[in-house]
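Trainee: sequence? don't have it. structure:
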């Protein structure tokens, strides 16, 4: 009964989404049909209820081991621990799409709930566009990706959830990532509403800002959680691999970051209107492109969901419709904004424009590296792999001027160029350079053995340390100066500085781990010791361990610093009962300053017995995720600034620190 109820709820939600897409939009086009605009909110709530019912029905099928549902039989079995029965819902293609439309309906209800002070016609248009997007995805689910498809007779046992996904990080990573992906549809819907109404002004930008920042925050958190999961779960000790599916999430994040800054200028100065709309279209289009890449079968990745070309063609057609209709509307309205004034070089607008352009160029570089091998393969011109060397050489240099612009940007006045306030950041810059030089010297001395793991040379360490330190020190100086002035800065101002601090901490973490990490691949027998970066690792035992649905070989490795026992690490090599798939479970001792990382390899044919181990010493690696958390916190502060809820924006102060209320 539950699967049939879930399928019926999906069918009904598709019809409700169609009504949500048609009636409010039609009503917004004529004052005589204004009453239809009011239907947008209740239809959004009804759609959420129906999709939530379908989601609950699928969860129930997993919980009671209903293997007559094909999707459940493919992604679960009776030994699967209960928490992973929930995450199994989005472990495959069909369930992940159901999660997608659930998130989309949640965003729609959030807009309906928290936009009551906005004009009803605008809200109707925004919810109508989101309803149209929902129609596309629900049609995709019902036509090609039904999670409630049945099979009879039902098998007695399921195939099990992929061992890689049986991890707490994968319980929360996909929902956060999807909240970010789908949240960009809100910015897209606001842009479409502006194009439909012809009202692309400062008020529109102010209303769109909190939703864009919120989506960006979720996307940041989702990417960070995925990076953290890959770091401790895959056993490679890396935190970013430039995997095509990782790139698929990074590209909309880059454009969303550019959109946040462009919206700020449109809000404050009424400039960059066309550019802002294009960024809103681009951000959501890239999230759809990521959906196509993951589900079309064109990629081979641990993150990919499906290998059905038919599904890929559907998503590609949907992407084409979204982009085509959006750009057609944009071309229709673009002549209205042809006379916008250009930013003055040295003004805050110019720094924000530089910021957004560099982010878009970086996105294009990632897009080229991701799609070029696929294009070459599709044209039957051979196989080509684009890996980290390309991205490091192309992406990283684009980040240097971007980070440099973050220092004077918040200090620059609106609309005019006044260089005097910008000279104040030179002192923090010199101090940051001195500290970075000392850091490079101090950090390299105790880790002379780091040549195997280090990828940064000395001058890159100094550059990364200087950029990160300069952002921190100049931000601290700006905060101190602002607090001396009367009045209280808004949450958006605090959010900006916290997010910029997060970027700096992220840069320092990347610089530290790439400059000073130590990596050792070795073989060890019982009682053997090895010294890595001043820590002694001793193998004291290896035994068998029985888990709920796996068997594991578990090592006990004592870690000493001098004569002090730091911790006993227990890395595992697991084999899952249903699939016999081997999995490496690394053991990590984390602190603010370094990670001690040990992964267990295969046993060797030797007498006495030995095992392969990989040992890493990773300084500052935790700062990568600490920086991401600070960025999310900054985004959260900015999203809740009460000024975003005002019906009309205030005129920005034309000068200096008094105007820093972004």
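Mentor: Here it is on my side, so go on. Remember, predicted model here, so these are calculated numbers, not experimental data.
Trainee: nearest residue to residue 475 other than its sequence neighbours?
Mentor: Nearest residue to residue 475, sequence neighbours excluded (CB to CB, 6 or more residues apart in numbering): residue 497, at 5.3 Å. Where you see a C-beta, it was placed from the backbone N, CA and C, and this is true even at glycine.
Trainee: burial of the one you found, as a residue count?
Mentor: Residues lying near residue 497 (other CB atoms under 10 Å) number 21.
Trainee: which regions of the stretch 501-650 of the chain sit below the pLDDT cut-off?
Mentor: 645-650 (pLDDT under 70).
Trainee: now do the strands in it.
Mentor: Ranges of strands within the stretch 501-650 of the chain are 518-525, 529-532, 535-546, 550-561, 564-569, 572-576, 582-585, 587-590, 594-604, 610-619, based on DSSP state E, counting those that start in this stretch.
Trainee: could you do the stretch 51-200 of the chain as well?
Mentor: Along the stretch 51-200 of the chain, no segments are classed as strands by DSSP E, counting those that start in this stretch.
Trainee: so where do the helices sit in it?
Mentor: In the stretch 51-200 of the chain, the helices defined using DSSP state H, counting those that start in this stretch lie at 70-75, 82-87, 93-114, 120-144, 169-197.
Trainee: just put these in CSV and tack on mean pLDDT and mean neighbour count.
Mentor: Written out in CSV, the entries for those read as follows (pLDDT from 0 to 100; neighbours: other CB atoms under 10 Å):
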stretch, mean pLDDT, mean neighbour count
helix 70-75, 92, 23
helix 82-87, 86, 16
helix 93-114, 93, 22
helix 120-144, 93, 23
helix 169-197, 91, 24
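Trainee: follow-up on the earlier one: figure out which of the strands of the stretch 501-650 of the chain is closest to residue 401.
Mentor: Smallest distance to residue 401 across the strands of the stretch 501-650 of the chain (CB to CB): 26.8 Å, for strand 610-619.
Trainee: what helices and strands are in contact with the closest one?
Mentor: Here strand 610-619 touches helix 491-516, strand 518-525, strand 529-532, strand 535-546, strand 550-561, strand 594-604, going by 3 or more CB pairs under 8 Å, 6 or more residues apart in numbering; DSSP states H and E.
Trainee: go again using 7 Å as the cut-off
Mentor: The contact analysis (3 or more CB pairs under 7 Å, 6 or more residues apart in numbering; DSSP states H and E) places strand 610-619 against helix 491-516, strand 518-525, strand 535-546, strand 594-604.
Trainee: tell me which residues touch residue 568, please.
Mentor: By CB atoms under 7 Å, 6 or more residues apart in numbering, the residues touching residue 568 are 556-558.
Trainee: now stretch 242-256, how far from the centre of its chain.
Mentor: From the chain centre to the centre of stretch 242-256 is a distance of 8 Å (CA atoms, centre = their mean, to the nearest Å).
Trainee: could you do stretch 329-346 as well?
Mentor: Worked out by CA atoms, centre = their mean, stretch 329-346 lies 30 Å from the chain centre.
Trainee: give the buried residues for it.
Mentor: Using 16 or more other CB atoms under 10 Å as the test for burial, stretch 329-346 gives 329-330, 333, 337, 343, 346.
Trainee: span of that stretch from start to end?
Mentor: 33 Å (CA to CA, to the nearest Å).
Trainee: other residues contacting it?
Mentor: With CB under 7 Å, 6+ apart, stretch 329-346 has contacts from 192, 195-196, 198, 200, 271, 273-274, 277-278, 281, 349-350, 353, 412, 415-417, 419.
Trainee: now, of those residues, which are buried?
Mentor: Among these, those scoring as buried are 192, 195-196, 200, 271, 273-274, 277-278, 281, 349-350, 353, 412, 415 (criterion: 16+ other CB under 10 Å).
Trainee: most widely separated two among those residues?
Mentor: Using CB to CB, the pair of those lying farthest apart is 196 and 412, separated by 34.5 Å.
Trainee: hang on, the earlier thing: adding distance to residue 232, write the strands of the stretch 501-650 of the chain out as a markdown table.
Mentor: Below are those laid out as a markdown table (distance: least, CB to CB, whole Å):
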| stretch | distance to residue 232 |
| --- | --- |
| strand 518-525 | 16 |
| strand 529-532 | 18 |
| strand 535-546 | 18 |
| strand 550-561 | 16 |
| strand 564-569 | 12 |
| strand 572-576 | 12 |
| strand 582-585 | 8 |
| strand 587-590 | 6 |
| strand 594-604 | 8 |
| strand 610-619 | 11 |
